[in-house]
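J.: how does the following fold in three dimensions:
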Amino acid sequence: MIQALKTDEITRKSQIRLQRLRESNLVIIDDLMFIAMDQREANLFFHLINDLYNQSSIILTFNKGPSEWGELLGDPAITTAVLDRIIHRAQN
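T.: Down below sits the predicted model:
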């Protein structure tokens, strides 16, 4: 998914994949915090979550607690914004 986000502007394949993702009613992201993201990747991920926020259900699995996300996303502001959108309508 991160690779598609990074190449969205240059490859048609990534554009199609991300368009399908953005139009989905349900998006499942498995092992979200498995690998740390650089600031650009975290920013792209935030924009995806922001796009999905009001139109899709999102299921996330991750191996790190939300308190550790800032370290893995590399930017406290982006981490807070992502968590706000994910937690706002969260259900266990």
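J.: okay, helices next: where are they in this structure?
T.: 2-7, 12-23, 39-52, 69-73, 76-88 (DSSP state H).
J.: need those in JSON lines with mean neighbour count, mean pLDDT and distance to Ile59, can you?
T.: Heads up, the C-betas are built off the backbone N, CA and C, glycines and all. Conversion of the helices of the chain to JSON lines gives the following (neighbours: other Cβ atoms under 10 Å; pLDDT from 0 to 100; distance: least, Cβ to Cβ, whole Å):
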{"stretch": "helix 2-7", "mean neighbour count": "16", "mean pLDDT": "86", "distance to Ile59": "18"}
{"stretch": "helix 12-23", "mean neighbour count": "13", "mean pLDDT": "92", "distance to Ile59": "13"}
{"stretch": "helix 39-52", "mean neighbour count": "17", "mean pLDDT": "89", "distance to Ile59": "11"}
{"stretch": "helix 69-73", "mean neighbour count": "18", "mean pLDDT": "81", "distance to Ile59": "17"}
{"stretch": "helix 76-88", "mean neighbour count": "15", "mean pLDDT": "86", "distance to Ile59": "10"}
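J.: surely Phe45 touches Lys6?
T.: No: under the criterion of Cβ atoms under 8 Å, Phe45 makes no contact with Lys6, lying 10.3 Å away.
J.: rewinding a little: in CSV: the helices of the chain, plus distance to Phe62.
T.: Shown next, in CSV, are these (distance: least, Cβ to Cβ, whole Å):
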stretch, distance to Phe62
helix 2-7, 14
helix 12-23, 18
helix 39-52, 12
helix 69-73, 8
helix 76-88, 10
